[in-house]
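**Q** Everything below, folded, please.
(chains A and B)
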Number of protein chains: 2
Amino acid sequence: MKKDDYVHGYTERENCRLFDQANTLNGLLHGDTVYPPGSAVLEAGCGVGAQTVLMAKNSPAARIISVDVSDASVRAARNLIRSEAPSNVAFCTADIYDPPFQDETFDHVFVCFVLEHVRDPVRALIRLKSVLKTGGSITVIEGDHGSALFYPESEDATRAIRCLVDIQADLGGNSLIGRQLFPLLKKAGFHRPEVSPRMVYADSSRPDWVRGFTRNTFNAMVEGVREQAIRKKLADPGQWERGIADLHATTGEDGVFCYTFFKARAEK
Amino acid sequence: MKKDDYVHGYTERENCRLFDQANTLNGLLHGDTVYPPGSAVLEAGCGVGAQTVLMAKNSPAARIISVDVSDASVRAARNLIRSEAPSNVAFCTADIYDPPFQDETFDHVFVCFVLEHVRDPVRALIRLKSVLKTGGSITVIEGDHGSALFYPESEDATRAIRCLVDIQADLGGNSLIGRQLFPLLKKAGFHRPEVSPRMVYADSSRPDWVRGFTRNTFNAMVEGVREQAIRKKLADPGQWERGIADLHATTGEDGVFCYTFFKARAEK
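**A** Predicted coordinates for the structure are as follows:
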């Protein structure tokens, strides 16, 4: 997994977006993951630590090791953890395909918003399985941009989202991966995968979600690939602007925006 | 609302499909609707009674009046209710646009899988509001075929689903209406609409849902418009067969199928 395999995560604005996303989505995505005191947890692909903070706070007595392939991200994550107080997290720089741990080291593995960026998610899962103890669990959380459902409907907005999907695919990622967690975990040899979809639903009766998710997370993420979309001729500037305008129309008084994350748990 | 405004509901196979759907989905869609003893409930658009039975069993001491524009459907619903035992339901044939009741008659109004078939859902909701008591509630449940999300992905399958959407639109209906419940209820003047999405998620670890929902409900519904889709040249026979085959591939060992219903509640 190389640094340029990412669509997002490496600019200050993007960092803000990731934190906003994490805070808004904490209850929806993380609330039911609580690791027992003393258990050894590997977070594979911690990025700048936005999800690490939430996960660690939910399991304050677990011993967490968070790794990321990027030194810069690991430094940012370490600083964030210091400022946010959880003291049960250690960090190291490591490749998800080659985790520097002995087999059967961890009781649990946690993977959040990572598989969407990797070229070979089954291989990554198999490597993570090797460092997981027999009987241990893996938890995987991923989005799926194909789940975006909105009102007013708009072909231009759908095309703008498709640009993001295509750009991530060009980088070797897959932003439609959420729906695949069940077969991916099975192919990697995990037992009893169970998938639980988590839908964000935002209309004007839920202004925090409209602001925190639709506008500052999803729309910001699509807007972030404007230059690439136009340079790669996936959209012309007029189409693009109409698409973005239509995405923002879903945050209006009568607008609706839905997006589904998929959370899966399986055993070794 | 004329009989031919329907895509489904009037053949024996379709009736089986509706019952299968209702039984599979009962907990997901109806479990949290319980009307108090003695309350007066109008079910607008009961069809052949598949949802009526479930709703009535959840509120055994409510006084329910179920209406439908079709005499044949009302007869079928009455027979079903007799065989299924709830004794708290009365039926009559009535147009949803012109309910034969005085203003402020009902404590609650229940509308399930109906607005997707009507040409002017806001007008229907306004008429239903008039027969609802001030302070009473309306509950609306609708699907949204745009929410179908599946693995393996397939453009042919997406096109087949789109045929169903287009055919229903030609008949004056809207099978993408689920996402619109919030603005529709607001436009009809209801207060405090709250929308709750209910997602069906089916993979091979949940064989009842694969059989009961993906295969016997959703795929059967798409397959039901084959002749119309080909006659209207929305798909050629080859495309159609590939699309149906791909929809069925989502019921395989590694397949995944998701669909979202939207349930809304609002007050007068």
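**Q** Please make it C-alpha for all contacts and neighbour counts, starting now.
**A** Noted.
**Q** List the residues that contact the residue positioned nearest the centre of chain A.
**A** Centroid-nearest residue in chain A, with Cα atoms, centre = their mean: residue A:113, separated by 2.1 Å. Neighbouring residues of residue A:113 by Cα atoms under 8 Å, 6 or more residues apart in numbering or on different chains: A:141-143.
**Q** Out of these, the closest to residue A:129 would be?
**A** Proximity of the contacts of residue A:113 to residue A:129 (Cα to Cα) peaks at residue A:141, which lies at 16.1 Å.
**Q** Identify the bridge partners of the closest one.
**A** Beta bridges link residue A:141 to residue A:112, residue A:263, judged by DSSP bridges.
**Q** for the nearest residue to residue A:159 once chain neighbours are set aside, helix, strand, or coil?
**A** Once flanking residues are discounted, residue A:159 sits nearest to residue A:243: 7.0 Å by Cα to Cα, 6 or more residues apart in numbering or on different chains. Using DSSP: H, G, I helix; E, B strand; the rest coil, the secondary structure recorded for residue A:243 is helix.
**Q** what's the neighbour count on residue A:46?
**A** Using other Cα atoms under 10 Å in any protein chain shown, residue A:46 is surrounded by 28 other residues.
**Q** ok, now how distant is it from residue A:74?
**A** Remark: distance between residue A:46 and residue A:74 (Cα to Cα, to the nearest Å) = 8 Å.
**Q** what residues are shared contacts of those two?
**A** Here residue A:46 and residue A:74 have A:67-68 as joint contacts, going by Cα under 8 Å, 6+ apart.
**Q** ok, then the element right after the helix or strand harbouring residue A:138?
**A** When elements are assigned from DSSP states H and E, residue A:138 belongs to strand A:132-143. Next helix or strand after strand A:132-143 toward the C-terminus (DSSP H and E): strand A:149-151.
**Q** So which residues make contact with that next one?
**A** Here strand A:149-151 makes contact (Cα under 8 Å, 6+ apart) with A:250, A:254-259, B:146-147, B:179-180.
**Q** Return the set of buried residues in stretch A:78-86.
**A** For stretch A:78-86, the neighbour count (16 or more other Cα atoms under 10 Å in any protein chain shown) marks A:78, A:80-81, A:86 as buried.
**Q** which among the contacts of strand A:149-151 gets closest to residue B:126?
**A** Residue B:126 lies nearest to residue B:180 out of the contacts of strand A:149-151, by Cα to Cα, at 15.6 Å.
**Q** How many residues are close by the nearest residue to that closest one once chain neighbours are set aside?
**A** Using Cα to Cα, 6+ apart and skipping residues adjacent in sequence, the residue nearest residue B:180 is residue A:151, 6.6 Å away. Residues lying near residue A:151 (other Cα under 10 Å) number 24.
**Q** State the pLDDT value of the nearest residue to residue A:136 once chain neighbours are set aside.
**A** Leaving aside its sequence neighbours, residue A:136 sits nearest to residue A:107 (Cα to Cα, 6+ apart; 4.9 Å). Note for residue A:107: predicted pLDDT of 98.
**Q** quick one: contacts of the helix or strand containing residue A:107?
**A** Assigned by DSSP H and E, residue A:107 belongs to strand A:106-112. Strand A:106-112 is contacted from outside by A:35, A:39-46, A:51, A:128, A:131-133, A:135-142, using Cα under 8 Å, 6+ apart.
**Q** Return the distance of it from the chain's centre.
**A** Centroid separation for strand A:106-112 versus its chain: 14 Å, with Cα atoms, centre = their mean, to the nearest Å.
**Q** ok, now stretch A:108-127?
**A** Computed by Cα atoms, centre = their mean, the chain-centroid distance of stretch A:108-127 equals 11 Å.
**Q** cool, and stretch A:74-94?
**A** Relative to the mean C-alpha coordinate of its chain, stretch A:74-94 is positioned 18 Å out (Cα atoms, centre = their mean).
**Q** now what about it, what contacts it?
**A** With Cα under 8 Å, 6+ apart as the test, stretch A:74-94 has contacts from A:46-50, A:52-53, A:56-57, A:60-71, A:100.
**Q** taking these one by one, which sit in helices?
**A** In this view, the contacts of stretch A:74-94 that belong to helices under DSSP state H are A:50, A:52-53, A:56-57, A:71.
**Q** is the residue lying closest to residue A:71 once chain neighbours are set aside in a bridge, and if so with what?
**A** Nearest residue to residue A:71 in three dimensions, chain neighbours excluded: residue A:93, at 5.9 Å (Cα to Cα, 6+ apart). Using DSSP bridges, the bridge partners assigned to residue A:93 are residue A:68.
**Q** Could you list the contact residues of the stretch 51-200 of chain A toward chain B?
**A** Residues of the stretch 51-200 of chain A lying close to chain B (Cα under 8 Å from any Cα of the partner chain) are A:146-147, A:149-151, A:179-180, A:182-183, A:192-194, A:196-197, A:199.
**Q** right, and the pair among these with maximum separation?
**A** Greatest spatial distance in these: A:151 and A:192, 36.6 Å, computed using Cα to Cα.
**Q** before we move on, the earlier item: with residue B:161 as the reference, measure out to the residue nearest to residue B:180.
**A** 19 Å.
**Q** try residue A:65
**A** To residue B:161, residue A:65 is 45 Å away according to Cα to Cα.
**Q** Need the CA coordinates for the strand holding residue A:138. PDB is fine.
**A** C-alpha atoms of strand A:132-143 as PDB (Å, rounded to 0.1, in the frame of the first residue of the first chain):
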ATOM      1  CA  LEU A 132      -4.700 -12.800  14.900                       C
ATOM      2  CA  LYS A 133      -5.000 -15.500  17.500                       C
ATOM      3  CA  THR A 134      -7.200 -18.500  16.700                       C
ATOM      4  CA  GLY A 135     -10.600 -17.700  18.000                       C
ATOM      5  CA  GLY A 136      -9.900 -13.900  17.800                       C
ATOM      6  CA  SER A 137     -12.100 -11.400  16.000                       C
ATOM      7  CA  ILE A 138     -11.700  -9.000  13.100                       C
ATOM      8  CA  THR A 139     -13.900  -6.000  12.800                       C
ATOM      9  CA  VAL A 140     -14.000  -4.200   9.400                       C
ATOM     10  CA  ILE A 141     -15.800  -0.900   8.700                       C
ATOM     11  CA  GLU A 142     -16.100   0.500   5.200                       C
ATOM     12  CA  GLY A 143     -18.300   2.900   3.300                       C
END
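**Q** now it: how far from the chain's centre is it?
**A** With Cα atoms, centre = their mean as the basis, strand A:132-143 stands 15 Å off its chain's centre.
**Q** buried set for it?
**A** Buried-residue list, strand A:132-143, by 16+ other Cα under 10 Å: A:132-133, A:136-143.
**Q** biggest separation within these, which pair?
**A** Among those, the pair separated by the greatest distance (Cα to Cα) is A:133 and A:143, at 26.8 Å.
**Q** which non-adjacent residue is nearest residue A:183?
**A** That would be residue B:254: by Cα to Cα, 6+ apart, it lies 5.0 Å from residue A:183.
**Q** what's the helix or strand for that neighbour?
**A** Using DSSP H and E, residue B:254 falls within no helix or strand.
**Q** For it, list the residues it contacts.
**A** Residue B:254 sits next to A:182-183, B:151, B:203-204 when contact means Cα under 8 Å, 6+ apart.
**Q** For the residue nearest to residue A:45 when sequence neighbours are not counted, give its distance to residue A:74.
**A** Nearest residue to residue A:45 in three dimensions, chain neighbours excluded: residue A:68, at 4.5 Å (Cα to Cα, 6+ apart). Going from residue A:68 to residue A:74 by Cα to Cα gives 6 Å.
**Q** all strands of chain A, in order?
**A** A:40-44, A:63-68, A:89-93, A:106-112, A:132-143, A:149-151, A:191-203, A:256-267 (DSSP state E).
**Q** The contacts of strand A:149-151, buried ones only, as a PyMOL selection?
**A** Command for PyMOL that selects the buried part of the contacts of strand A:149-151, burial taken from 16+ other Cα under 10 Å:
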select buried, (chain A and resi 250+254+255+256+257+258+259) or (chain B and resi 146+147+179+180)
